[in-house]
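Student: okay, predicted coordinates and the sequence, questions at the end:
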Amino acid sequence: MPRTFSHRPVEEWISEFERAIRRDPARRGLIGSEEVFGPVCPGELAQAAMHLEAHARSVAIVTGFYIPAGDPPAAETDGPPGALVLAQALQHMGVETQIITDGFCFSAVRAAASGSGYPPERVVRYPHPVANGGADSAESTRWLDDFWRSDRGRGLTHLIAIERVGPSHTPESLAAQQRPGPPPVESFLQKVPECHRNACHNMRGMIIDEYSGDLHRLFEEAVRKNPAIKTIGIGDGANEIGMGVAAWEDLERRLTGDHAGWIPCRIATDWNIVAGTSNWGGYALAAAVALLRGDLAAIAPFDAAHQLRVLEAMIANGPAVDGVTRRREATVDGLLFLTYIQAWEAIRTKLKLPE
């Protein structure tokens, strides 16, 4: 017998959550193009949630996207709020969690954690020295080695990225992807100059390696260190960790501008959740796991008022900026709060949670 909620199978509700987050008010392109090209990674919210519900014991969530041209330069408001709802919901359900970010985003993520009631000491700083403007590969290698030897690394069951940029494709990564036919190498070489291969980009096509570091190595090493670890990506613009599960040419055709081919990230995950904003993906995953566990109390406290407080804490104490407007304001991807929060309110209303 399938599990039910309000006389309907739980799987039907999770499909409704996915529809709620697959809107594109910020015009990011991936979801807005679905009427023409079909959905990207459909159904993977349910698959990821079911595996978390059944097997999660220790989860690390990677987030933080730095906006160097922000006013002031700071981490953006998309990513940490969704990561925190997911982390706190899992903690409530008895799963150990940690949130990992880099030095540029650390203060904003810690501020969000404090505003959300998540223990700030569970926010882990990956080495990304601000002084030299980039990640010291030797230092990050030592950190990774220590991480995999530690209890928090050895016991990890799931690794999740929410709005975390990763490096773009190379001819080698293109060839490694699964697709019905041969990889479009000639098209790739024509559209992607060598300097834009294996580089992190923002949505304007600018290379931001100097500010993004190499935290994606955690996902690359997880496959070798412990193949039992399952990985999940959550993103909205194609340049995030997880998008490597989708064919480069499929993502490239959905984006606009001459730099569309530069954007897609090559890092694949076991499941990839695409949403209008990445925070929505974190919210929906938390709601889906809570529903599967029959524990809606895990997400009940995180209503619209709570989420506004988290954004305001990021802005005031991080600081943080909107990733689209690049201004220090409590908005996400250029969306006013009342517009932004509608997807989460829709999910909570379906679950009969108070606002």
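Tutor: Sure, I can see it.
Student: Ser187 - how many residues pack around it?
Tutor: A count of neighbours around Ser187, defined by other Cβ atoms under 10 Å, yields 14. (Each C-beta comes from the backbone N, C-alpha and C, glycine too.)
Student: is it correct that it falls within a strand?
Tutor: No. Secondary structure of Ser187 (DSSP: H, G, I helix; E, B strand; the rest coil): helix, not part of a strand.
Student: that one: what's its closest spatial neighbour, skipping adjacent residues?
Tutor: Nearest residue to Ser187, sequence neighbours excluded (Cβ to Cβ, 6 or more residues apart in numbering): Glu249, at 6.9 Å.
Student: show the pLDDT at Gly32.
Tutor: On pLDDT, Gly32 comes in at 82.
Student: separation between it and Thr4?
Tutor: Gly32 is 33 Å from Thr4, where distance means Cβ to Cβ, to the nearest Å.
Student: more neighbours: those two, which one.
Tutor: Higher neighbour count among Gly32 and Thr4: Gly32, with 16 against 12, using other Cβ under 10 Å.
Student: what about Ala138, how many neighbours?
Tutor: 9.
Student: mind checking which helix or strand it is in?
Tutor: helix 137-149 (DSSP states H and E).
Student: quick one: contacts for Val324?
Tutor: Val324 makes contact with 26, 333-334 under the criterion Cβ atoms under 8 Å, 6 or more residues apart in numbering.
Student: ok, back up a step: helices or strands up against the helix holding Ala138?
Tutor: Here helix 137-149 touches helix 217-225, going by 3 or more Cβ pairs under 8 Å, 6 or more residues apart in numbering; DSSP states H and E.
Student: got the phi and psi for Ala161?
Tutor: phi -110, psi 130 (degrees, to the nearest 10).
Student: enumerate every residue touching it.
Tutor: By Cβ under 8 Å, 6+ apart, the contact list for Ala161 reads 61-63, 219, 231-235, 240-242, 269.
Student: residues in contact with the helix holding Ala138: which ones?
Tutor: By Cβ under 8 Å, 6+ apart, helix 137-149 touches 126-129, 153-154, 213-215, 217-218, 221, 225-226.
Student: pick the one among these closest to Ala56.
Tutor: Distance to Ala56, by Cβ to Cβ, is smallest for Asn226 among these, at 14.5 Å.
Student: one step back: among the contacts of helix 137-149, name the buried ones.
Tutor: 126-128, 153, 213-215, 217-218, 221, 225 (16 or more other Cβ atoms under 10 Å).
Student: before we move on, back to that, now the contacts of Ala161 as a markdown table including secondary structure, distance to Ser140 and pLDDT?
Tutor: Output for those, formatted as a markdown table (DSSP: H, G, I helix; E, B strand; the rest coil; distance: Cβ to Cβ, whole Å; pLDDT from 0 to 100):
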| residue | secondary structure | distance to Ser140 | pLDDT |
| --- | --- | --- | --- |
| Ile61 | strand | 18 | 98 |
| Val62 | strand | 13 | 98 |
| Thr63 | strand | 17 | 98 |
| Phe219 | helix | 13 | 97 |
| Thr231 | strand | 19 | 98 |
| Ile232 | strand | 22 | 98 |
| Gly233 | strand | 20 | 98 |
| Ile234 | strand | 23 | 98 |
| Gly235 | strand | 22 | 97 |
| Glu240 | strand | 19 | 98 |
| Ile241 | coil | 16 | 98 |
| Gly242 | strand | 20 | 98 |
| Thr269 | coil | 20 | 98 |
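Student: the helices in the stretch 151-300 of the chain, which residues?
Tutor: Under the criterion DSSP state H, counting those that start in this stretch, the stretch 151-300 of the chain contains helices at 151-154, 171-176, 185-191, 209-212, 217-225, 248-254, 278-293.
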